[in-house]
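> what's the 3D shape of this:
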Amino acid sequence: MKLVIQRVQNSSVSIDGKVHGKIDRGFLVLVGFCPEDTAESLPKLVDKLIHLRVFEDEEGKMNLSLLDVGGSVLSVSQFTLYADCRKGRRPSFTGAARPEIAKPLYMQFNEALRAQGVPVETGVFGADMQVSLVNDGPVTILLDSADL
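Residues are numbered from 1 along each chain as shown. So this is what the prediction gives:
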């Protein structure tokens, strides 16, 4: 599982011109799955995500977590995180999990965040979405379950 985490002042996802999910302070998380991913990797990744100390404390140091600041997550499924661009100019997405694997994992990921008390807004799995954000910092972190 790969996560692209962006610390945001606000973020939203729209489908067909209508806002489907939006948050204020927190993380926009682009979430991708590979065929080998299982639900067993979710708790560790969720724990790492919600405890990342990337929000500034009163001294301006990145010392606070999403939980510490009462932040939210806008979770957006993103199969293109598994793009393979090594050959030619057109990316291959064969490294991404098929929808029948990825969709349940995406839903479980979001529920695992909610179970930790994190407010979660989402896009729609498989939909054509437009994502807007004000990246705060900018701060962008990459997490891969294979590295944990």
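
> Would you quantify the distance from K2 to R114?
21 Å (CB to CB, to the nearest Å). (C-beta placed from N, C-alpha, C; glycine too.)

> of these two, who's got more company?
K2 (21 against 13; other CB atoms under 10 Å).

> what bridges to the more buried one?
G32, D144 (DSSP bridges).

> residue contacts, it?
Shown here is K2, whose contacts under the criterion CB atoms under 8 Å, 6 or more residues apart in numbering are 31-34, 81-82, 142-145.

> Buried ones only from those residues, please, as a ChimeraX command.
The buried residues among the contacts of K2 can be selected in ChimeraX (16 or more other CB atoms under 10 Å) with this line:
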select :31,32,33,34,81,82,143,145
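
> For the contacts of K2, give me a markdown table that also has pLDDT.
Below are the contacts of K2 laid out as a markdown table (pLDDT from 0 to 100):
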| residue | pLDDT |
| --- | --- |
| V31 | 98 |
| G32 | 98 |
| F33 | 98 |
| C34 | 97 |
| L81 | 97 |
| Y82 | 97 |
| L142 | 98 |
| L143 | 97 |
| D144 | 96 |
| S145 | 94 |
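
> ok, so of the contacts of K2, who is nearest T122?
Closest to T122 out of the contacts of K2 is V31 (9.5 Å), distances taken as CB to CB.

> how much space between the closest one and E59?
Taking CB to CB, one finds V31 at 32 Å from E59.
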